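1. sequence? don't have it. structure:
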């Protein structure tokens, strides 16, 4: 976790100031100490203050502090802690803390937070002329038995803010410059496109580990480069072989963002941190860190999947912010396009199709052909627009276009594979695309998830389960993880594991209460499990979002499920729920 995306408005209306550097203190306009008492309340206050927009989901808070408890007990513990915190803060400002069914929000407009002020370029505290104090100094990370997740969060915050402050204290470093003869990593011939974001990989900083550490650092950066290329459509410049400063012999566009890896290794313990630098390598934008014990090769396996996803998410946010500052004609990143799709909002999908078409016109990049084909699957699954022969023809033309035939982008292949199976019902063609996707991007959660869907449609449920579980492990930190878990819910439903499917579905709904795909499958499983009232309530929400929803949803043309018994199972569940 890092500080990317945080905002802090101007001076707080009530004069409240929250100090997180050193011991946590909350001070009112008269300078009186009004800090909440118990350590748990202080910890929750700190987590909210350092979250983007001051908002954290209830599920995330439960994971941070009560991960080892039963979910219902964790939810009760959170309610109790929030009640105490609300009582502590209510006398200061009734609107300071807001809660709803899914999230908790601290109003960052109602107080000034020292670290956020510092991040906006405000003055450094006088005390920083000496040794830099810890963030939340003295706060017990265990809090009398809290989950290790909070300890990890606290360690990450301390590392991030120490780096941030050290950057402010140091003199600006000169930006490394590329030599024209240096070929950027993974840049294919003809791909030098000014509309694609350019990211630079810097020489890693290594402490300990010797040759093995160098190998691991390069493996991590290589995997990260592939993820940034596939998910963001980025051009990656590799400076690792260029050493220090390189004088430019001619004009060449400079990367918008540089990434430097710091690797610290001692025995079986390893810490990997990515630091993002902007403004010609002079300003630290954010950092992300993961610590691993035991297997030294962990960071290039599944155990650090959340770390890689976090870096991609933060890089995407930074790129979107840079584009917003430029003219309005910038291309949409594949990452952003996919997150919009999974909102399942018809109006947003219409606007997204225009952005995809404009991005294709600007770049000629095959990824936008595959995104347009994938977007058509939402017309079929979410009753958005018409599903007819024209849609089939357009999808086929998008997938068969010459740039798609030659693409080496694993994400593009996975998108094309799903559209091929779901809309064209070409199972062999879908299998070829997905096989190619995993050959190009073997650790892509998205590709494994859609292989799981492909196998489930064919009735290969055990193989589908294995692929879906791998997708969830690899996509642990992805913002669309809920869609991977929805695939698991779907597979369990089609196998007849209704209790398991309902449990997964209700977990997803706690995060995304209006996500139609998981509502449909969860409702079917609840109905088969005898919970007809809950199933009817869910399908009522589905019908409000899609008034045309009926048992036709289970037809092969809509679902691409080739096993008749599985389609009949869906129809029977809908019938039990009153559809």
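-> That came through, no problem. It should be emphasised that the depicted structure is a prediction, and the values quoted were computed from it without experimental measurement.
2. going forward, measure contacts and count neighbours with C-alpha atoms only.
-> OK.
3. quick one, what contacts the closest residue to residue 99 other than its chain neighbours?
-> Distances taken as CA to CA, 6 or more residues apart in numbering place residue 105 nearest to residue 99, at 6.2 Å, with adjacent residues excluded. By CA atoms under 8 Å, 6 or more residues apart in numbering, residue 105 lies in contact with 48, 53, 54, 55, 56, 97, 98, 99.
4. Closest to residue 448 out of these?
-> Ranked by distance to residue 448 (CA to CA), the contacts of residue 105 are led by residue 56 at 28.7 Å.
5. Could you report the neighbour count for the closest one?
-> 21 (other CA atoms under 10 Å).
6. So it is in contact with residue 103, correct?
-> Yes: counting by CA atoms under 8 Å, residue 103 is a contact partner of residue 56 at 5.6 Å.
7. what about the helices in the stretch 251-400 of the chain?
-> Taking DSSP state H, counting those that start in this stretch as the test, the helices found in the stretch 251-400 of the chain are 305-325, 334-341, 346-363, 366-381, 389-400.
8. who does the second one touch, helix- and strand-wise?
-> Helices and strands touching helix 334-341, as assessed by 3 or more CA pairs under 8 Å, 6 or more residues apart in numbering; DSSP states H and E, comprise helix 210-232, helix 346-363, helix 366-381.
9. for the second one, what is the average pLDDT?
-> So the one you mean is helix 346-363. Mean per-residue pLDDT for helix 346-363: 86.
10. Just the buried residues of it, please?
-> For helix 346-363, a neighbour-count test (16 or more other CA atoms under 10 Å) marks 346, 349, 352, 353, 355, 356, 357, 358, 359, 360, 362, 363 as buried.
11. OK, contacts around residue 574?
-> 523, 524, 527, 551.
12. give me the element it is part of.
-> helix 564-576 (DSSP states H and E).
13. For residue 39, report the pLDDT, please.
-> 81.
14. Next, residue 133: phi, psi?
-> Phi and psi for residue 133, reported as degrees, to the nearest 10, are phi -70, psi 160.
15. Chain neighbours aside, what residue packs nearest to it?
-> Among residues not flanking residue 133 along the chain, residue 22 sits closest, at 5.4 Å (CA to CA, 6+ apart).
16. all strands of the stretch 101-250 of the chain, in order?
-> For the stretch 101-250 of the chain, applying DSSP state E, counting those that start in this stretch gives strands covering 103-106, 111-113, 198-201, 205-207, 235-238.
17. mind listing the helices for the stretch 1-150 of the chain?
-> According to DSSP H, counting those that start in this stretch, the helices that the stretch 1-150 of the chain contains are 39-49, 58-66, 71-90, 114-119, 148-169.
18. So which of those is nearest residue 376?
-> Comparison of the helices of the stretch 1-150 of the chain against residue 376 by CA to CA identifies helix 58-66 as nearest, at 32.2 Å.
19. What is that closest one packed up against?
-> Using 3+ CA pairs under 8 Å, 6+ apart: helix 58-66 touches helix 71-90, helix 148-169.
20. Burial-wise, tell me which of those helices comes out on top.
-> Highest mean neighbour count among the helices and strands packed on helix 58-66 (mean count of other CA atoms under 10 Å): helix 148-169, with a mean of 18.
21. coming back round to it: quick check: the farthest pair among the contacts of residue 574?
-> Farthest apart among the contacts of residue 574 - using CA to CA - are 527 and 551, which lie 14.1 Å from each other.
22. show me what contacts residue 72?
-> With CA under 8 Å, 6+ apart as the criterion, no residue contacts residue 72.
23. now swap in residue 342 and tell me
-> 480, 483.
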